[in-house]
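In: quick one: sequence plus predicted model below, questions after.
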Amino acid sequence: MNSQNAFVARTTKMRTLLAFSFLVALFGVTQFSAQNLQAGISVSLPLVSSAMAVPDADKEDALIVTVTEDGDIYLGVEPIEPDALADKIKHAVAFRAEKKVYIKADARAHYSDVQKVLTAMRKAGVQTPVLLMAQREPLQPGALASPTGFEVLAGPQMDSELRPTLVQVLSAGQQSSTLKVNDASVSSSDLPSVLARLTKSGAVVVQVSADGSLPFSDIAQVIDISRSTGATVALVTPRT
């Protein structure tokens, strides 16, 4: 073998070893990542801009309730009926220091199905469930997506003496929605400025009441805008 052929052979061998090492490293990273992501039911989360990181939602023992596009409800990976959910959650959080429950609802799910879960949370004594959302900000290449979402209150409509701002998300047919703020009609483009003005004047709680036939994504956008003003969001659920 002449010197040129020997050089080509050594170069080819080196490239093969480097490619093999890269694949081994990539496989190792993939395995590690998979082990750190909790298994669950796959849904399409609503896209928002002001969600907070909630890394505890990825813990192995995190309590996650999923609502699919078709309205099916799961506790973890087990299907469950809405009537049984409150007792299951109450038992699950009874011996936990932090009674945190995460709701992972599909953007296309009817809001009425999400309300069933919120009502069960209240019955179980969970005061501030976390709604998981997908943050709009693009990930850096190679970065892992951390769970993000909003902590909300859920319950009957508050007494007017507490001076909450009431946002109504109303169905206008064909899955579109209209908005009212304290009974005054507001366009979706004006909602951020209207809520910002009200929160500056001292209204720190925004109550959201929505038509159950609307897709959850419509309500998620209102929550997103409300939270971006620094307000606490309370979702109105039926009295039981």
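Out: Perfect, thanks for sending it. Numbering: from 1, shown residues only.
In: pLDDT wise, what is Phe22 at?
Out: Looking at Phe22, its pLDDT stands at 36.
In: then Gly230?
Out: 91.
In: again with Ser3
Out: 47.
In: again, but for the one 4 residues further on
Out: Note for Phe7: predicted pLDDT of 39.
In: next: the one 5 residues further on.
Out: Reading off the confidence values, Thr12 has pLDDT 44.
In: kindly report the same for Lys200.
Out: pLDDT at Lys200 comes out at 80.
In: okay, it and Ala234: tell me how far apart.
Out: 19 Å (CB to CB, to the nearest Å). To be clear about C-beta, it is placed using only N, CA and C from the backbone, and glycine gets the same treatment.
In: try Ile103
Out: 15 Å.
In: likewise Ser189?
Out: 24 Å.
In: so for those two, which sits in the more crowded spot?
Out: Remark: of Ser189 and Ala234, Ala234 carries more neighbours, 23 against 7, as counted by other CB atoms under 10 Å.
In: quick one, helices of the protein?
Out: Using DSSP state H, the helices of the chain run over residues 3-35, 82-93, 111-123, 191-200, 216-228.
In: burial measure for the closest residue to Ala53 other than its chain neighbours, as a count.
Out: Nearest in space to Ala53, with sequence neighbours left out and distances taken as CB to CB, 6 or more residues apart in numbering, is Ser146 at 5.2 Å. Ser146 has 12 neighbours, counted by other CB under 10 Å.
In: what number of residues lie near Arg108?
Out: 15.
In: could you shift the numbering so residue one becomes 58, and keep it that way?
Out: Will do, 58 is the new start, and the previous item becomes Arg165.
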